[in-house]
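Chemist: Could you work out the structure for the sequence below:
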Amino acid sequence: MTSKPRLTFACGPYDRMDALAHGVVQAAGIDLNHITIDHPRDIFDRMAGGLEFDASEMSASEYICRYADGERDLTAVPVFPSRAFRHNCIVVNTNLVQKPSDLNGKRIGVQLYTMTAAVWIRGALQDAGVDLSTITWVEGALEKPGPHGSAHTKPKPLLRQVKRVSNENKSKSLSQLLEDGDIAATIGADPPPCLGKASHVRQLFPDIRETEKRYFRESGIFPIMHLVVVKTDVVDRFPFVPSSLFHAVNESKDIALRRMKYSGTYRYMLPFLTSDLEEIEEVFGGDPWPYGIEANRKSLEALVSFLYDQAMIARKIPLEELFAPVRGKNLKI
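Modeler: Modelled structure (predicted):
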């Protein structure tokens with residue numbers, strides 16, 4: 001009898017991964033060592049830089065860009081551990097900016113130009129009337145001087161000229177630059193620490209919840225941030241692994257959804273959870289976190305289009321080319 005391959009899988013501490021992480025759900029045919037790592041940037045840098053895990057969570061934009069550049073050492077599975085509306089992460093200095101078009105010609109801080117959150121936000125800003133070609137993008141960490149993530153991460157070359165510079169200020173973080181008016185705004189995966197502390201720093205859109213709900217209703221897009229990748233040499237040796245992982249994480253997510261909806265005792269510290277669940281049902285009409293290509297086609301095609309428009313990939317890659325095919329649960333292992 002052939003023994004199961006023992007594979008490592010690194011992912012963030014998400015409720016949708018909890019059942020898998022604690023062994024309630026098993027990946028068929030795999031002896032899976034689930035490794036929980038708090039910060040996704042650590043996972044990305046370790047996987048992209050040294051293929052440290054057999055499978056892992058990965059930035060969606062970074063994976064697509066790697067694929068477009070001809071790198072085939074990773075194979076994607078249509079599982080999306082992280083997704084988020086990012087309008088709440090557009091923060092401005094109100095001495096310089098009152099409305100989206102005021103950003104034209106300004107300097108905007110961003111953790112990494114190529115990060116998925118920034119790709120989605122630039123798309124939203126463009127829709128709101130911002131001419132991205134006029135912006136100078138200042139890359140760096142929000143909370144400290146210097147770069148975001150691993151200092152060994154090389155900036156990805158873009159396919160056309162973009163005004164993109166590093167934060168060369170040795171004493172100021174992007175947050176401090178924003179507060180001091182050296183940059184007009186920050187975008188990215190987090191709001192800056194100065195938000196809520198400096199009276200002249202606020203989110204660009206005043207009613208975030210309604211803005212993001214309206215965005216979803218109009219576009220059908222719940223932005224995807226991260227996907228799951230498997231080392232291609234693992235897939236070559238064990239072709240069933242992408243499908244096995246897909247079904248396992250999907251089952252784990254379904255368990256998390258059922259737990260969240262149980263009203264006997266609240267699983268989460270959300271005082272208005274019942275109202276939140278009613279709103280989720282009203283807006284999303286069921287599962288707000290679907291996996292698979294078809295259920296996410298609008299979001300995935302929009303992400304590919306934004307990457308193309310923002311000079312990060314040379315062609316709009318078909319989704320079926322980007323992801324491993326997923327077979328039914330009755331896998332030949």
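Chemist: residues contacting the closest residue to residue 95 other than its chain neighbours?
Modeler: Once its chain neighbours are removed from consideration, residue 95 has its nearest residue in residue 200; the separation is 5.4 Å (Cβ to Cβ, 6 or more residues apart in numbering). C-betas here are computed from N, CA, C, even on glycine. Residues counted as contacts of residue 200 (Cβ atoms under 8 Å, 6 or more residues apart in numbering) are 93, 94, 95, 179.
Chemist: Neighbours of the third one, how many?
Modeler: Yep, that's residue 95 we're talking about. Residues contacting residue 95 under the criterion other Cβ atoms under 10 Å number 10.
Chemist: same question, the second one
Modeler: The burial count assigned to residue 94 is 14, neighbours taken as other Cβ under 10 Å.
Chemist: Repeat that for residue 291.
Modeler: Here the neighbour count serves as a burial measure; for residue 291 (other Cβ under 10 Å) it reads 22.
Chemist: And the helices in the stretch 201-333 of the chain?
Modeler: When assigned using DSSP state H, counting those that start in this stretch, the helices of the stretch 201-333 of the chain occupy the ranges 208-219, 232-237, 241-261, 273-284, 297-309, 319-322.
Chemist: among those, which is nearest residue 116?
Modeler: Across the helices of the stretch 201-333 of the chain, the minimum distance to residue 116, taken as Cβ to Cβ, is reached by helix 297-309, at 7.4 Å.
Chemist: residues of the closest one that come out buried?
Modeler: Using 16 or more other Cβ atoms under 10 Å as the test for burial, helix 297-309 gives 299, 300, 302, 303, 304, 306, 307, 308.
Chemist: quick one: pLDDT of the last one?
Modeler: Looking back up the chat, that one is residue 308. In this prediction, residue 308 carries a pLDDT score of 95.
Chemist: Next: residue 170.
Modeler: So, for residue 170, pLDDT stands at 89.
Chemist: Give the helix, strand or coil label for it.
Modeler: Of the three states, residue 170 takes coil according to DSSP: H, G, I helix; E, B strand; the rest coil.
Chemist: And for the one 5 residues further on?
Modeler: Here residue 175 is recorded as helix under three-state DSSP.
Chemist: give me the low-pLDDT residue ranges for the protein?
Modeler: Per-residue confidence of the chain (counting by pLDDT under 70) places the weak regions at 1-2, 150-156, 332.
Chemist: now the strands for it?
Modeler: Taking DSSP state E, the strands of the chain run over residues 6-11, 31-36, 55-59, 74-77, 91-93, 107-110, 136-139, 164-166, 185-187, 201-203, 226-231.
Chemist: Compare these and give me the one nearest residue 44.
Modeler: With Cβ to Cβ, the closest approach to residue 44 among those belongs to strand 55-59: 5.2 Å.
Chemist: Each with direction, which strands does that closest one pair with?
Modeler: According to DSSP bridges, strand 55-59 forms sheet pairs with strand 6-11 (parallel), strand 226-231 (antiparallel).
Chemist: now the last one against helix 241-261, angle please.
Modeler: Counting by axes from the mean of the first three to the mean of the last three Cα atoms, to 10 degrees, strand 226-231 lies at 150 degrees to helix 241-261.
Chemist: residues contacting the closest residue to residue 26 other than its chain neighbours?
Modeler: Among residues not flanking residue 26 along the chain, residue 248 sits closest, at 6.8 Å (Cβ to Cβ, 6+ apart). Residue 248 is in contact with 20, 25, 26, 27, 28, 30, 32, counting by Cβ under 8 Å, 6+ apart.
Chemist: Pull the number of nearby residues for the third one.
Modeler: Other residues near residue 26 number 15, with proximity taken as other Cβ under 10 Å.
Chemist: Could you measure from it over to residue 241?
Modeler: According to Cβ to Cβ, to the nearest Å, residue 26 stands 14 Å off from residue 241.
Chemist: circling back: minimum distance to residue 138: which of the helices of the stretch 201-333 of the chain has it?
Modeler: If we rank those by Cβ to Cβ, the stretch that ends up nearest is helix 297-309, at 20.1 Å.
Chemist: domains for the protein, by residue range?
Modeler: Domain assignment for the chain by automatic domain parsing gives 6-83+224-322, 87-219.
Chemist: Make TSV out of those and add distance to residue 328.
Modeler: Listed next are the domains of the chain as TSV, based on distance: least, Cβ to Cβ, whole Å:
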stretch	distance to residue 328
domain 6-83+224-322	8
domain 87-219	30
